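Peer 1: Please work out how this folds:
(2 chains)
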Amino acid sequence: MTFLSTVKAAALSAAMIVSVALPAAHADEQYFPLQSYRVGPYAAGGTGFFGGFIDYLNLINIRDGGVNGVKLTWDECETQYEVERGVECYERQKSHAGAAAWNPLSVGIAYAMIDRITADKVPLITVNHGRTDSTDGRVFPYVFPLLLNPYSETSGIVNYIASKEGGIDKLKGKKIVVLYHGSPYGKETIPIYELLAQKYGFTVQQIEVPHPGNEQQSQWLTIRRAKPDFVVLRGWGVMNPVALKTAVKVGYPVDHIVGNVWSNSEEDVIPAGDAAKGYTAITTQASGNSYPVVQEIVKTVYGAGKGNLEDKSRIGSVYHNLGIVNGILNVEAIRVAQEKFGHRTLTGDEVRWGFEHLKLDPAKVEALGAKDLFHSINVSWDNHEGEGYVTFQQWDGKKWNVVSDWIAPDWALLRPIIEKSAEAYAAEKGIKLRTADDANAVTTN
Amino acid sequence: MTAISSDFPSAPALPKWIAPVLLLAFAYGVVPLIGSSYLFEAILLPFLALSLAGVGLNILTGYAGQVSLGSAAFMAAGAFAAYNFNLRVEGLPLIGSIVLAGLAAAAIGIVFGLPSLRLRGFYLAVSTLAAQFFVQWALTKFSWFSNDSASGVIDAPRLSIAGFALDGAIGRYLFALTIVAILTFLAHRLVSSQTGRNFIAIRDNETAARIIGIPVLKTKLLAFAISSFIIGVAGVIWAFAYLRTVEPAGFDLDRSFQILFIIIIGGLASMRGAFFGAALIVVFPLALSRLGGFLLGDLFDSGVLDMSQRIVLGALIILFLILEPDGLVALWDRVRRRLLFAWQST
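Peer 2: So this is what the prediction gives:
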């Protein structure tokens, strides 16, 4: 009876799934639901970032026994960077008690989660990416585009190009092409480039590369005809090495290509080989493994055989270090909240309060062993980005070399645009603007 | 492929409507009481949306014999049309937006159905790819469709019917269930009507159908229109009730293939086939992934588990199709007949 046995097997497995009850809440554990992606076109970013994040959480558990004795736990759910898988993972993982914060590392998934996490009152962290207007904490109480939102990134890149040209007034009459990934993430900066072009008098041409971006011949032929002074590469995953290789093919000089914060990793340049030599990209966290915190991870976590990266040569790579920085920010937010609410498992809303008071000045960053790894952060209840600084690195064929100081994006210029966009969203959704008092009212159970 | 496989000879004495009615009673009466938010949000809502899309495609492919690879495009058309009607027409009730969205998808379906008048089989399938690429391109290119949102992502409006808010998981489930039940019932009536028999005649032998006086051109376009209407409404459920946010890239070619596989695995020319297929495509990978994560989650990372699940799923689909090329529906009927036989002979 093959059919019967098939049916029986199906029924059995269904029963087992039902009985897979999630473990009950333990005292003094803080849980991180990780919607990671280790397969699919963006696996390089996913394994590096989540590897660094997990390595840092492990470091805290092994070295310090958790945050003030509260052990950090996590589990992973594979999203492949796809929205509906991310939503499924959200529904699967949210029933776990003691969730601290969500870190999906995908704009599409983050967008789909905004309503859900706001209802559930758990923070959503979109480090270095995300929805720009979620910077406005009055409208998005639980969303944190930490360190660098897409508009700040754009401002940083334009300021860098201006410094290469000899000043912001020299931008007049220049031509910049933005080659962007055909996804919500890629399109996020279209209006801000247009606006900065108007303001500074350069012309901008924005060209889309359809996801995943492994064929760009026609886009680069367009670029060759346009003869821009600079090309900004706003890529992701496989799109980046293909862009660099195609640029060489059509004869565009690589040192006039500036990569954005998701086009700045070793995984983007190594596959491009010599074509990438001289390519510059923005970053919020320098690469390399000389920083004390990375050294400690090597010694304590990898030494104990608990390292997350299979390929140890990726320790200290851009994505790995971003994961570590993201770990620092999450853990420090918990620490801030614990000082206020007690050394115990916190609610999502308490962790939100922690993020809204997350202030790490350069001295504190140094104490955490991350001096020069990233600059500083200063989050408040209405500024959920936290004024991260950026720097630029150039690829020499073997490693990234920092070629600029820490640069501040033009926050004063961007803030009114962000507020306008956030207020429009609030009006459309019928959201009442939050005040500082609202931000201090915290749900504690 | 049997002509109308929902009638099978050895059916028990109970009237045919009993099973669906009991199922609906269970879905309305019991599931909302016992289900968890995970069940609604992650399993039932995508299952309902994709089942409805399967029902729509089954009318076109299963009954009328026209292969289409543009289903996701019609879903996208429905989702974005409903969003824009809702946004731009003051005072239009939600149901109105949904019906208009279905009609918009149907209109696009008719346009891209025109090649079917000259093309058949694989050639038609390739020409429906044009719909897939064109709709996705248009939705990305013209930001008007997404109300000039910077990233091209739209937020679903609040769901409410006659003053009742349906924003919770159960509300959205009931909303989706009602639409799916009504449209499936109508589709069922349609395929057993004269029009449905015309579809089947064209599928089985177009020349013969023409000779006995069936208006082939009109009937084919009608099949495209009705199928696209249903798929468009499925797109609305996907966007408004399930994800509650939508970007054009979410309706890519993969989704079209997914819907085609649903009806092939579930059973062509059968209403139930779409539901069986959607259950396998939506629910089974989740079950497998949770089981895998539970049993082996500590040993392997999620990437390895995901890859092995794909292998298992692929092998199972091959196995199912070898066991029963007519799809899960035929398999189910065979199992049921054997069980009944075993029961009667004791």
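Peer 1: Disregarding residues adjacent in the polypeptide, which is nearest to B:Val55?
Peer 2: B:Ala274 (4.6 Å; CB to CB, 6 or more residues apart in numbering or on different chains). Using the backbone N, CA and C atoms, a C-beta is placed for each residue, glycine as well.
Peer 1: now A:Thr345
Peer 2: Using CB to CB, 6+ apart, the closest residue to A:Thr345 is A:Gly98 (4.5 Å).
Peer 1: Am I right that that neighbour is in contact with A:Pro33?
Peer 2: No: using CB atoms under 8 Å, A:Gly98 is not in contact with A:Pro33, being 10.2 Å away.
Peer 1: Against chain B, how distant is A:Cys191?
Peer 2: One correction, residue A:191 is Pro, not Cys. 6 Å (CB to the nearest CB, to the nearest Å).
Peer 1: what about that residue, which SS state?
Peer 2: What DSSP: H, G, I helix; E, B strand; the rest coil gives for A:Pro191 is helix.
Peer 1: helix, strand or coil for the closest residue to it other than its chain neighbours?
Peer 2: When the adjacent residues along the chain are set aside, A:Pro191 lies closest to B:Ala150, with 5.5 Å between them (CB to CB, 6+ apart). Going by three-state DSSP, the secondary structure assigned to B:Ala150 is coil.
Peer 1: Can you pull the residues of chain B lying near chain A?
Peer 2: B:36-38, B:41-42, B:46, B:140, B:150-153, B:155, B:242-245, B:247, B:249-250, B:286-287, B:289-291, B:293-294, B:297, B:301-307, B:323, B:331, B:334-335, B:338 (CB under 8 Å from any CB of the partner chain).
Peer 1: Okay, and which of these map to helices?
Peer 2: B:37-38, B:46, B:140, B:286-287, B:289-291, B:293-294, B:302-307, B:323, B:331, B:334-335, B:338 (DSSP state H).
Peer 1: Now, of those, which are buried?
Peer 2: B:37-38, B:46, B:140, B:286-287, B:289-291, B:293, B:302-303, B:305-306, B:331, B:335 (16 or more other CB atoms under 10 Å in any protein chain shown).
Peer 1: re the thing from before, check what pLDDT the residue nearest to B:Val55 gets.
Peer 2: pLDDT recorded at B:Ala274 is 94.
Peer 1: elements contacting whichever strand or helix holds it?
Peer 2: Under the criterion of DSSP states H and E, B:Ala274 resides in helix B:271-278. Applying 3 or more CB pairs under 8 Å, 6 or more residues apart in numbering or on different chains; DSSP states H and E, we find helix B:271-278 packed against helix B:45-57, helix B:169-191, helix B:253-266, helix B:328-345.
Peer 1: Give me the phi and psi for A:Glu208.
Peer 2: Backbone torsions for A:Glu208, taken as degrees, to the nearest 10, come to phi -90, psi 140.
Peer 1: For the nearest residue to it once chain neighbours are set aside, grab the count of nearby residues.
Peer 2: Using CB to CB, 6+ apart and skipping the chain neighbours, the partner closest in space to A:Glu208 is A:Gly182 (4.8 Å). The number of residues packed near A:Gly182 is 20, by other CB atoms under 10 Å in any protein chain shown.
Peer 1: Run through the residues that contact A:Gly182.
Peer 2: By CB atoms under 8 Å, 6 or more residues apart in numbering or on different chains, the residues touching A:Gly182 are A:Glu208, A:Val209, A:Pro210, A:His211, A:Gly213, B:Thr140, B:Ala249.
Peer 1: Let's see that with 7 Å instead.
Peer 2: A:Glu208, A:Val209, A:Pro210, A:His211, B:Thr140 (CB atoms under 7 Å, 6 or more residues apart in numbering or on different chains).
Peer 1: From what I see, the fourth one and A:Tyr185 are in contact.
Peer 2: No: taking contacts as CB atoms under 7 Å, A:His211 lies outside contact range of A:Tyr185: 9.8 Å.
Peer 1: B:Phe80 versus B:Ile281, what's the distance?
Peer 2: 24 Å (CB to CB, to the nearest Å).
Peer 1: Same question for B:Gly121.
Peer 2: Distance of B:Gly121 to B:Phe80, computed by CB to CB: 30 Å.
Peer 1: surely the residue nearest to A:Thr345 meets A:Tyr31?
Peer 2: Yes: at 4.5 Å, A:Gly98 counts as touching A:Tyr31 under the criterion of CB under 7 Å.
Peer 1: what about the closest residue to B:Ala104 other than its chain neighbours, helix or strand, and which?
Peer 2: Spatial nearest neighbour of B:Ala104, chain neighbours left out: B:Ala81 (3.8 Å); criterion: CB to CB, 6+ apart. Secondary-structure assignment from DSSP H and E places B:Ala81 in helix B:71-88.
Peer 1: okay, the angle between whatever helix or strand comes next after that helix and helix B:71-88?
Peer 2: Scanning forward in sequence from helix B:71-88 by DSSP H and E, the next helix or strand is helix B:94-113. Relative orientation of helix B:94-113 versus helix B:71-88 (axes from the mean of the first three to the mean of the last three CA atoms, to 10 degrees): 140 degrees.
Peer 1: for B:Ile231, helix, strand, or coil?
Peer 2: helix.
Peer 1: Please list all residues in contact with it.
Peer 2: By CB under 7 Å, 6+ apart, the neighbours of B:Ile231 are B:Ala53, B:Gly56, B:Leu57, B:Ser71, B:Phe74, B:Met75, B:Gly78, B:Ala105.
Peer 1: still on that earlier bit, can you give me the pLDDT of the residue nearest to A:Glu208?
Peer 2: For A:Gly182, pLDDT reads 86.
Peer 1: Please apply the same query to A:His26.
Peer 2: On the pLDDT scale, A:His26 is placed at 48.
Peer 1: And B:Ser5, by the same measure?
Peer 2: 46.
Peer 1: Let me see the residues that make contact with stretch B:158-176.
Peer 2: B:32, B:37, B:40-41, B:44-45, B:48-49, B:94-95, B:237, B:240-241.
Peer 1: Between all of the buried ones among the ones in helices among the residues of chain B next to chain A, which two are at the greatest distance?
Peer 2: For those, the farthest-apart pair by CB to CB is B:Thr140 and B:Val335; their separation is 45.5 Å.
Peer 1: name the element the nearest residue to A:Thr280 once chain neighbours are set aside belongs to?
Peer 2: Distances taken as CB to CB, 6+ apart put A:Gln394 closest to A:Thr280, at 4.7 Å, once the chain neighbours are dropped. Counting by DSSP H and E, the element that carries A:Gln394 is strand A:391-395.
Peer 1: quick one: contacts of that strand?
Peer 2: Strand A:391-395 is contacted by residues A:160, A:264, A:269, A:276-283, A:286-287, A:400-407 when judged by CB under 7 Å, 6+ apart.
Peer 1: Now do the phi/psi pair for the residue in the stretch 201-350 of chain A positioned nearest to chain B.
Peer 2: For the stretch 201-350 of chain A and chain B, the shortest gap (CB to the nearest CB) falls at A:His211, measuring 6.0 Å. Per-residue torsions, A:His211: phi -60, psi 140 (degrees, to the nearest 10).
Peer 1: Around it, how many other residues sit close by?
Peer 2: That count, for A:His211 with other CB under 10 Å as the rule, works out to 20.
Peer 1: just to revisit the earlier point, ramachandran angles for the residue nearest to A:Thr345?
Peer 2: Backbone geometry at A:Gly98, expressed as degrees, to the nearest 10, gives phi 70, psi 30.
Peer 1: Just give the closest residue to B:Ile259, not the sequence neighbours.
Peer 2: Spatial nearest neighbour of B:Ile259, excluding adjacent residues (CB to CB, 6+ apart): B:Ser71 at 4.3 Å.
Peer 1: doesn't B:Leu57 make contact with that neighbour?
Peer 2: Yes: using CB under 7 Å, B:Ser71 is in contact with B:Leu57, at 5.3 Å.
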